[in-house]
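Asks: Just the structure for this:
(one chain, ligands or ions: 2)
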Amino acid sequence: MTTHVLFRGPQSRNDNWRTLFADALPGVTWYHWPNIEDKSAIELMIVWKLPRDYQQDYPNLKVIFSVGAGVDQLDLASVPEHIQVVRMLDPGIVKGMSEFIAMHVLNIHRDTFSYINANKTCTWQPIPTMENKQRRIGVFGLGHLGQAAAKTVLELGFSVNGWSRSPKKMEQVNCFSGEAELPTFLAQTDILVCLVPLTPDTRGILNIHTLSQLPKGASIINVGRGEQLVPDDLLTLLNQQYLAYAVLDVFDIEPLPETHPLWQHSNVVVTPHIAAITQDNSAGQVLVNNVQRYIDRQPLAGLVDRKLGY
Ligand code: NDP
Ligand code: OXD
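Replies: Ligands and ions are numbered 1, 2, ... in the order given. Purely as a prediction, here's the structure:
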């Protein structure tokens, strides 16, 4: 019996994954949206965003695999409970994210952005440096990506704090959890790295109340989701010189509109949602392994807890 898989995404990725699946799982029939002979045969869907009317069009859909680590773009609340939702646990995403965070922690720590601004006025002004271990990196979300990022900045010699919903233990990381411990975590964080998923609890969580609990002179790196940050609150704290820098990779509206003040702010670095991109080869292998698990009726890796929303 064949398993029918539908992929919705770019042609180049389709060609890559179709070949990978044909070699590894010849029993799978692969379709590239929107070219599908019999929609009722589709059991598995690999997508970033769901096609409109998918519930009526694909009545035998059993699993939705997200091509990204996040699943908020799938509008989980509208996905029926009997359909399993799986996030992407790609080692390529983990590597890309850890690199992006290490790069910007170092940029902030070594004042790269201040020197870029000083270049504009030909200002030769050395800024005193501090030891890495004196700089406290706060990883907001100690999950798959947060734990890897925490290890990477630890290896660079920084002090690391972490915050998560449930309690965690990580060697050399001061772990905090839950709302009650949030103020203590924030008060000890010089560079805040946001890596929580977007859920009703984390929407708007980076606001004037939380950001002003960071020490004066702190910076933020937001790689979670744009909707977690209140941009006006960030701009207020940057303009008051309470916060130093913000590196923002994700936005409420993407692409960030040209007229948005974040583009113009000299202490903000905007990147176009590229902190960690799904890597075709490693992610393709993750999908092959998971589809094999589905065929073998084994639990899927990266299954989303529908109550928690991530
Ligand atoms: P995980 O699900 O593995 O980890 C999420 C972490 O956030 C967990 O530690 C979890 O706590 C914590 N968390 C969730 N809700 C809360 C809450 N209300 N309060 C405190 N902590 C909370 O996710 P990943 O690490 O794989 O990915 C994180 C996010 O990164 C993605 O959802 C996506 O939005 C973003 N991302 C961005 C990319 C980019 O290019 N910018 C690329 C890839 C991902 P607990 O451990 O207790 O469950
Ligand atoms: C992801 C992303 O979730 O790219 O993987 O943001």
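
Asks: Low-confidence ranges, the protein, go.
Replies: The model of the chain has no residue with pLDDT under 70.

Asks: Let's check: the centremost residue of it is which one?
Replies: Nearest to the mean C-alpha position of the chain, by CA atoms, centre = their mean, lies residue 224 at 4.5 Å.

Asks: Please give me every residue in contact with the closest residue to that residue other than its chain neighbours.
Replies: Using CB to CB, 6 or more residues apart in numbering and skipping residues adjacent in sequence, the residue nearest residue 224 is residue 194, 4.2 Å away. The C-beta positions use only the backbone N, C-alpha and C, and glycine is treated the same way. Neighbouring residues of residue 194 by CB atoms under 8 Å, 6 or more residues apart in numbering: 140, 141, 206, 220, 221, 222, 223, 224, 228, 229.

Asks: Against residue 310, how distant is residue 194?
Replies: According to CB to CB, to the nearest Å, residue 194 and residue 310 sit 14 Å apart.

Asks: Could you tell me which residues of the stretch 151-300 of the chain lie near ligand 2?
Replies: Within the stretch 151-300 of the chain, the positions near ligand 2 by CB under 6 Å from any ligand atom are residue 278.

Asks: Nearest to ligand 1: which residue in the stretch 51-200 of the chain?
Replies: Going by CB to the nearest ligand atom, ligand 1 is nearest to residue 143 of the stretch 51-200 of the chain, at 1.6 Å.

Asks: where do the helices sit along the stretch 51-200 of the chain?
Replies: Secondary structure of the stretch 51-200 of the chain, counting by DSSP state H, counting those that start in this stretch: helices at 54-57, 91-109, 112-119, 144-155, 182-187.

Asks: how about those helices in CSV, adding mean neighbour count?
Replies: Output for the helices of the stretch 51-200 of the chain, formatted as CSV (neighbours: other CB atoms under 10 Å):
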stretch, mean neighbour count
helix 54-57, 14
helix 91-109, 20
helix 112-119, 15
helix 144-155, 21
helix 182-187, 17
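
Asks: For residue 64, which of the ones you listed is the nearest?
Replies: Closest approach to residue 64 among the helices of the stretch 51-200 of the chain is made by helix 54-57 (8.6 Å; CB to CB).

Asks: Could you check how far the closest one is from the centre of its chain?
Replies: Its chain's C-alpha centre lies 28 Å from the corresponding centre of helix 54-57 when counted by CA atoms, centre = their mean, to the nearest Å.

Asks: for stretch 105-124, same thing?
Replies: On CA atoms, centre = their mean, the centre of stretch 105-124 falls 27 Å from that of its chain.

Asks: who touches it?
Replies: By CB under 8 Å, 6+ apart, stretch 105-124 touches 125, 127, 129-130, 132, 135, 137, 153, 156, 158, 191, 193, 219, 221, 244-245, 247, 266-267, 269.

Asks: And those, which of them are buried?
Replies: 132, 135, 137, 153, 158, 191, 193, 219, 221, 244-245, 247, 267, 269 (16 or more other CB atoms under 10 Å).

Asks: Residue 49 and residue 71 touch, don't they?
Replies: No: assessed by CB atoms under 8 Å, residue 49 is found out of contact with residue 71, at 11.0 Å.

Asks: the more surrounded of the two?
Replies: Taking neighbours as other CB atoms under 10 Å, residue 49 and residue 71 compare with residue 71 leading, 24 against 12.
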